[in-house]
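Participant: sequence below, structure please.
(2 chains)
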Amino acid sequence: MRDITTRIAPPLPTTAEKLKFYGMWVGLALFLLVLPKIFASGGALTTFCLIGISIIFALSYNILLGQTGMLSFGHAVYYGLGGFLAIHAINYFGGHKWPIPLPLVPVIGGATGLFFSALIGWVMTQRSGTAFAMISLGLAELIASSALILRSFFGGEAGVSANRTKMFRVFELSFGPQIQIYYLVAAWTLIAIIAMYALTRTPLGRMCNAVRDNPERVQFVGYDPHVVRYLAFCFAGMFAGIAGSLAAINFEIANSAYLGAVQSGTVLFAAYIGGIGFFIGPIVGAIFVTVLSIGLSDLTSVWQLYFGLFFIGVVMFTPGGLTGLMMMHRPLWRAGMLTKMLPSYLLAGVPTFAFLTGIMLAIETTVHYTAHPNEDPNIRAFGIPFNATSPLTWSAAVLLIVVGFILARITWRRVAHTWDETLTAARAKVHPL
Amino acid sequence: MLELIVISSLNGILFGMLLFLMASGLTVIFSMLGVLNFAHASFYMLGAFFGFQISRWVGFWPALVLAPLLAGLIGIAVERYGLRHVHKNGHVAELLFTFGLAFAIEEVVQIIWGKSPVDFRVPAVLDFPAFTIFSTNYPAFKMFMLLVSVVIFLSLLLVLKKTRVGLIVQAALTHPHMVAHLGHNVGRIFMLVFGVGTALAAVAGVIAGPALVTQSNMAALLGPILFVVVVVGGLGSLPGAFIASLMIGLLQTFAVSINTSPASLFGPLDPAWATTWLSDIWNVTVAQVAPVLPYLLLVLVLIFRPMGLLGTRET
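Facilitator: Predicted coordinates for the structure are as follows:
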């Protein structure tokens, strides 16, 4: 019996591995500490806060989708409820002079998320798959619509606002300046990332993966998939509540948009674009989506369309998301053969870029015609000026789309071919027969 | 009171039939392809906007035929070049693909037709009161809507029960794998079913457009209710979808016309409670909670009959 266990169980981590593991977290903490010293502007700090909140929210979402295989369209409910409770808590504690400082408010948000997901989750997690997805959507609509009816708690259309500086102060921290909020959000982000990572290493986290992959066998082993799904749902709700309360602290307001379908859709986009197959995926996705939505909205008026098209592109061509794409290249990287792929990538990249430029040109020209038909036809999109009425622009767009598409198809086939060859060669190099 | 009941029943059946036009396509697509088409309500919206645009150019009657055809062709293209490609990545990817599609279609519609409602009018031929009951004029266009949806319902029933295609579709509802094993060109059937399903949704859009509001958020408003219909009826059950459509249609229409609140029944709330959250619940009318009722029904069905009214399949 003992030899079997010793043979099957992975070897205990060596000191070097342990150092690397803990060093990574310490490194992350140091990085978060010095980040505002490098980018000190107010805009950068606000962006970092948004990214931190988005990371917690996306990771909590991935407990459902990535770890347990439950596709939820209503995750923002717990985010929003956490936010509302946090706002009411700030108002109440500030008004009644309770000795509770602001950094503890996310605990209330987390407790709210946990409470409501525990309340609602039992019925919801009875079913998985498509049925669960639709039930989550229906319940989210139910709660979001109820929020507009219960005006005294949710504040109707306007929402509820609060003043975070009125709270009890420790160490003379007023939490007025954005830099203090940054450190608050950063600390909670770090705690939440570590907690959620730890969750994936527990037996529960492993059972979640088992439920995702094969619920029937989980039943044979003696676990109830419903209970496992329910527990995962509760944890996801709790972390979403923490994220929501941080958002409420950051903006000092909570409104019904926090609970709504747009918020649920955004977190789904972030987690999936980043890659749901890896723990780090939603983190990458949250950073990417937040930066993209802030950056793109300055460049073009229809950034949401690009965003949607980008999402469709990710679903169609890289189901592993951005992290999945990177991890795909790891065997090549290890074998030192990544450079072999570069020529074919470059070759495929040029027509793909032309095709995308053509589509963007077509979209921007159409937008000009429908949205502002009587304005100056010399428009700028992505900082590049062009004339929307000139036939030259149209023919350029059509040419780029058609030729780019045909060439891209041919060259990407070549890429797939080279990929197979290089991967086989890389595997042979790392594990010689 | 009787007037209210008659008018609301008519409107409710009408809304229910409209819902069924969409829910039937959604159910058949779900049963055959195993994918819940998140963008189904978007095709309803596309139908309404295509109908509006075509009826501006060549009139309402050609639009009634052309708009669904166009939407159906788009649906076929989506299945052939999108869904089929995504299929190998699993059900979650398929569902997310249609989710992204719904998002993109809404954005495109907003770019082309703007965010505010468009002026999609009832055609002049049908712009008269059909009959008068208890001093209420019932518009002829609504009767026309009812007629169109009933005719489509009956022809769907005929196709399903009496033709070979219908037989295959019916078989695929319960035994999708067996149908594939029997050597039918499953790919083409899927594509056609998807096209017909989306075209049906577009028909609903063209006839509902003039009566309701044609606006870029109409898909987002109706989509969730459509899913409630499909889940309440039982995933993959056509009769279930029919019953659930009528149920939700009637439920919502009746709720909208009832202006009763706990306050009007039991008198105003005790002043001590008047400023608390209880007063929100006390003063809310049934009409105000009407949008929430389908979701409440969903929760109740899930608690007491998780498979849906007539559902048999677990997934």
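
Participant: burial of residue 22, as a residue count?
Facilitator: All of this is about chain A. By the criterion of other C-beta atoms under 10 Å in any protein chain shown, residue A:22 has 10 neighbours. Quick note: C-beta positions are derived from backbone N, CA and C, even for glycine.

Participant: that's the other chain; I wanted chain B
Facilitator: Residue B:22: 31 neighbours (other C-beta under 10 Å).

Participant: cool, residue A:49 as well?
Facilitator: Residue A:49 - counted by other C-beta under 10 Å - has 24 other residues nearby.

Participant: just checking, it touches residue A:178?
Facilitator: Yes - if you go by C-beta atoms under 8 Å, residue A:49 and residue A:178 touch, sitting 7.2 Å apart.

Participant: surely residue B:26 is in a helix?
Facilitator: Yes - assignment of residue B:26 by DSSP: H, G, I helix; E, B strand; the rest coil places it within a helix.

Participant: so what's the residue count around it?
Facilitator: When neighbours are counted by other C-beta under 10 Å, residue B:26 comes out with 25.

Participant: I'd assumed residue B:35 was in contact with it.
Facilitator: No - Residue B:26 lies out of contact with residue B:35 (C-beta under 8 Å); the separation is 10.4 Å.

Participant: in a strand, residue B:138, correct?
Facilitator: Yes - counting by three-state DSSP, one finds residue B:138 located in a strand.

Participant: where's it relative to chain A, distance?
Facilitator: Residue B:138 is 30 Å from chain A, where distance means C-beta to the nearest C-beta, to the nearest Å.

Participant: looking at strand pairing, list the partners for that residue.
Facilitator: Legend: beta-bridge partners of residue B:138 under DSSP bridges are residue B:131.

Participant: am I right that it is in contact with residue B:7?
Facilitator: Yes - with contact defined as C-beta under 8 Å, residue B:138 reaches residue B:7; the gap is 7.2 Å.

Participant: pLDDT wise, what is residue B:74 at?
Facilitator: Residue B:74 carries a pLDDT value of 93.

Participant: quick check: it touching residue B:47?
Facilitator: No - taking C-beta under 8 Å as the definition, residue B:74 is not a contact partner of residue B:47, at 10.2 Å.

Participant: name the element residue B:214 belongs to?
Facilitator: Using DSSP states H and E, residue B:214 falls within no helix or strand.

Participant: mind checking how far it is from residue B:48?
Facilitator: Taking C-beta to C-beta, to the nearest Å as the measure, residue B:214 falls 5 Å from residue B:48.

Participant: same drill for these two, tell me which one is more crowded.
Facilitator: Ranked by neighbour count (other C-beta under 10 Å), residue B:214 and residue B:48 place residue B:48 first, with 30 against 23.

Participant: buried stuff in the helix or strand hosting that one?
Facilitator: Element membership for residue B:48 (DSSP H and E) is helix B:40-58. The neighbour-count check on helix B:40-58 (16 or more other C-beta atoms under 10 Å in any protein chain shown) flags B:40-55 as buried.

Participant: which residue in those has the weakest pLDDT?
Facilitator: For these, the pLDDT minimum is residue B:55, 86.

Participant: in chain A, where is pLDDT below threshold?
Facilitator: Low-confidence segments of chain A, defined by pLDDT under 70: A:1-10, A:371-384, A:388, A:432-433.

Participant: scan it for its longest helix.
Facilitator: The helix spanning the most residues in chain A, taking DSSP state H as the definition, is helix A:391-430.

Participant: quick check, that helix touching chain B?
Facilitator: No - shown here: helix A:391-430 not in contact with chain B (C-beta under 8 Å from any C-beta of the partner chain), separated by at least 11.8 Å.

Participant: can you give the distance of that helix from its chain's centre?
Facilitator: Helix A:391-430 has its C-alpha centroid displaced from the chain centroid by 29 Å (C-alpha atoms, centre = their mean, to the nearest Å).

Participant: now for that helix, which elements pack on it?
Facilitator: For helix A:391-430, the elements it packs on are helix A:330-335, helix A:338-371, judged by 3 or more C-beta pairs under 8 Å, 6 or more residues apart in numbering or on different chains; DSSP states H and E.

Participant: distance between the last one and the chain's centre?
Facilitator: The one in question is helix A:338-371. With C-alpha atoms, centre = their mean as the basis, helix A:338-371 stands 25 Å off its chain's centre.

Participant: buried ones in that helix?
Facilitator: For helix A:338-371, burial by neighbour count (16+ other C-beta under 10 Å) applies to A:338, A:340-341, A:344, A:347-348, A:351-352, A:354-368.
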